[in-house]
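Asks: This is a predicted model, with the sequence first.
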Amino acid sequence: MPREIHPYAVLLRPLITEKTTVLTGQDKYVFEVDPRANKNQIREAVEIAFNVRVSDVNTMTMKGKPKRFGRRVVNRPDWKKAVVTLVPGDKIELFEGI
C-alpha cells in the first residue's frame, strides 16, 4: 500500500516554460511533484488545491543532469514531473497572467 502524503505536500511547484505555456491552451498544466506520489494522489492534490476537476494525469521521472563544481562532477537529483489535464472549461488561475 502506498505511503500517504499530505495533498499539499504532493505539488512542489508549477513548471513554467515555453512548452508548458503552449500546453495551457489545451487545458494541460505541468507541476513538479513529490517523487513518491502516484497519479491518484496527484489528481486529489490538484483538485483540492485549485478547486478544479482533473480528467487525466501523466507522470514522468526526469533524470538529474551532471553539474561541475571545479574538477568534481556531481549529478543533480532525479525529480518527477506531472502533466495534469483538466476537464474542458476548468482553468487554474495561477497560470492566467502568463
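Replies: The structure has been received and is ready for your questions. Residues are numbered from 1 along each chain as shown.
Asks: What is the neighbour count of the nearest residue to L86 once chain neighbours are set aside?
Replies: Distances taken as C-beta to C-beta, 6 or more residues apart in numbering place D27 nearest to L86, at 4.6 Å, with adjacent residues excluded. (C-beta placed from N, C-alpha, C; glycine too.) D27 has 18 neighbouring residues, counting by other C-beta atoms under 10 Å.
Asks: got the end-to-end distance for stretch 64-74?
Replies: One end of stretch 64-74 to the other measures 10 Å (C-alpha to C-alpha, to the nearest Å).
Asks: what pLDDT, on average, does that stretch get?
Replies: In this model, stretch 64-74 has a mean pLDDT of 95.
Asks: mind checking the longest helix of the chain?
Replies: The residue-count maximum for a helix in the chain (DSSP state H) belongs to helix 39-50.
Asks: helices and strands around that one, which ones?
Replies: Helices and strands in packing contact with helix 39-50 are listed as helix 7-10, strand 11-14, strand 28-33, strand 54-62, strand 79-86; criterion 3 or more C-beta pairs under 8 Å, 6 or more residues apart in numbering; DSSP states H and E.
Asks: so which of these gets nearest N40?
Replies: With C-beta to C-beta as the criterion, N40 lies closest to strand 54-62 of these, at 8.2 Å.
Asks: Buried residues of the helix or strand where T21 lies, list them for me.
Replies: Following DSSP states H and E, one finds T21 within helix 18-23. Neighbour counts over helix 18-23 (16 or more other C-beta atoms under 10 Å) mark 20, 23 as buried.
Asks: Show me what it is packed against.
Replies: strand 28-33.
Asks: residues touching the closest residue to Q41 other than its chain neighbours, list them.
Replies: Distances taken as C-beta to C-beta, 6+ apart place V10 nearest to Q41, at 5.4 Å, with adjacent residues excluded. Going by C-beta atoms under 8 Å, 6 or more residues apart in numbering, V10 touches 33-34, 37, 41-42, 44-45.
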